[in-house]
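In: coords below, sequence missing:
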């Protein structure tokens, strides 16, 4: 089964724009290495306020909480590969969404780590 993975490119500071690469991977590959991200969407009032990241050079809108999660998880000197449901699943394709939902247990089980992001520290 094929999944998409998001590679977050490194940056010197948390405030720099988020540049990422989206690629496909075989979920059955023994050499596959990625972390899965589980995060809260945020409070209703903030969900409508979108932030931008760059995926394969194209601007994509994400929720403020996802933007915060990706910014805080980004390394300074090396890339980091994540599976993030809202980006790695084509949300416009109902058939793909249904298929990927069936794979979610395998996706989380196959991750080297499952990261939980509840929001920025206060």
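Out: Here it is on my side, so go on. Source: prediction; values computed, not measured.

In: burial measure for residue 34, as a count.
Out: 21 (other C-beta atoms under 10 Å). (Each C-beta comes from the backbone N, C-alpha and C, glycine too.)

In: List the contacts of it.
Out: By C-beta atoms under 8 Å, 6 or more residues apart in numbering, the contact list for residue 34 reads 5, 25, 81-83, 110-112.

In: What separation is there between the residue nearest to residue 97 when sequence neighbours are not counted and residue 77?
Out: Spatial nearest neighbour of residue 97, chain neighbours left out: residue 89 (5.8 Å); criterion: C-beta to C-beta, 6 or more residues apart in numbering. Residue 89 is 29 Å from residue 77, where distance means C-beta to C-beta, to the nearest Å.

In: which of those two has more neighbours?
Out: When residue 89 and residue 77 are compared for neighbours, residue 89 comes out ahead with 21 against 7, by other C-beta under 10 Å.

In: so the more buried one makes contact with residue 95?
Out: No - at 11.2 Å, residue 89 does not count as touching residue 95 under the criterion of C-beta atoms under 8 Å.

In: Just the element for residue 121, please.
Out: In the assignment (DSSP states H and E), residue 121 maps to no helix and no strand.

In: Run a quick neighbour tally on it.
Out: Neighbours around residue 121, by other C-beta under 10 Å: 5.

In: mind listing what it touches?
Out: By C-beta under 8 Å, 6+ apart, residue 121 has no neighbours at all.

In: Ok, residue 93 next?
Out: Residue 93 neighbours (C-beta under 8 Å, 6+ apart): none.

In: what do you get for residue 4?
Out: Shown in contact with residue 4 (C-beta under 8 Å, 6+ apart): 22-25, 83, 87-89.
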